[in-house]
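Engineer: turn this into a model:
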Amino acid sequence: MELYADDSKLLGLVNNVYERAMLQKDLDAVCQWIEVWRMGLCANKCKVMHFGRLNEKHKYTQKSNNAILPTTECERDLGVMVSSDLKWTSQVKSACAKASRKLGMLKRTFIRREERLRVILYISMERPHLDLVRQVWNPSMKMDVNGLEKVQKRATKISLSLICQKMW
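Structural biologist: Take a look at the predicted model:
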């Protein structure tokens, strides 16, 4: 079991029926612990993610209400999108979308400002979205790299167009 603040994850490697039963037993123990300590559990946040192509995708139930836990292909964990195929495409798309929104906001808000201010705004407000835990999700797929480069080219294009406007 992994814990972080008010977030917890129950992890297990399941290769056979016995290991599946052990993981279900661990899940039941967590549910019992929550009941004993009268803590709340947000049932709609409880999900199962299966990793691997050959995974049998077993069903797991939550003991407190006998509901089958839904499975998910992609989840946000501490700000990073993790997918069941362990590819980072969803993280790259999310980072590009945030950076693009931020770039649009900067473009609308700061019209005809000096170049130095533009660089400071880009470095402080847009670049962090593209660099967020990049060491973890280092984009290696061509489509991911192209997506990131597209946002950076757009930022450069906007900055250059504003510099040209200032000159005329």
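Engineer: quick check: which ranges of the protein have low pLDDT?
Structural biologist: 5, 111-113, 132-137, 159-168 (pLDDT under 70).
Engineer: where do the strands sit along it?
Structural biologist: For the chain, applying DSSP state E gives strands covering 2-4, 7-9, 61-62, 67-68, 74-77, 80-83.
Engineer: so which of these is the most packed in?
Structural biologist: strand 80-83 (a mean of 17; mean count of other Cβ atoms under 10 Å). C-beta coordinates here come from the backbone N, C-alpha and C atoms, glycine included.
Engineer: now for that one, which elements pack on it?
Structural biologist: Contacts defined by 3 or more Cβ pairs under 8 Å, 6 or more residues apart in numbering; DSSP states H and E place strand 80-83 against strand 74-77, helix 89-109.
Engineer: want to throw the strands of the chain into JSON lines with distance to residue 50?
Structural biologist: Shown next, in JSON lines, are those (distance: least, Cβ to Cβ, whole Å):
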{"stretch": "strand 2-4", "distance to residue 50": "17"}
{"stretch": "strand 7-9", "distance to residue 50": "14"}
{"stretch": "strand 61-62", "distance to residue 50": "15"}
{"stretch": "strand 67-68", "distance to residue 50": "14"}
{"stretch": "strand 74-77", "distance to residue 50": "12"}
{"stretch": "strand 80-83", "distance to residue 50": "11"}
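Engineer: hang on, the earlier thing: deepest of the helices and strands packed on strand 80-83, which one?
Structural biologist: helix 89-109 (a mean of 17).
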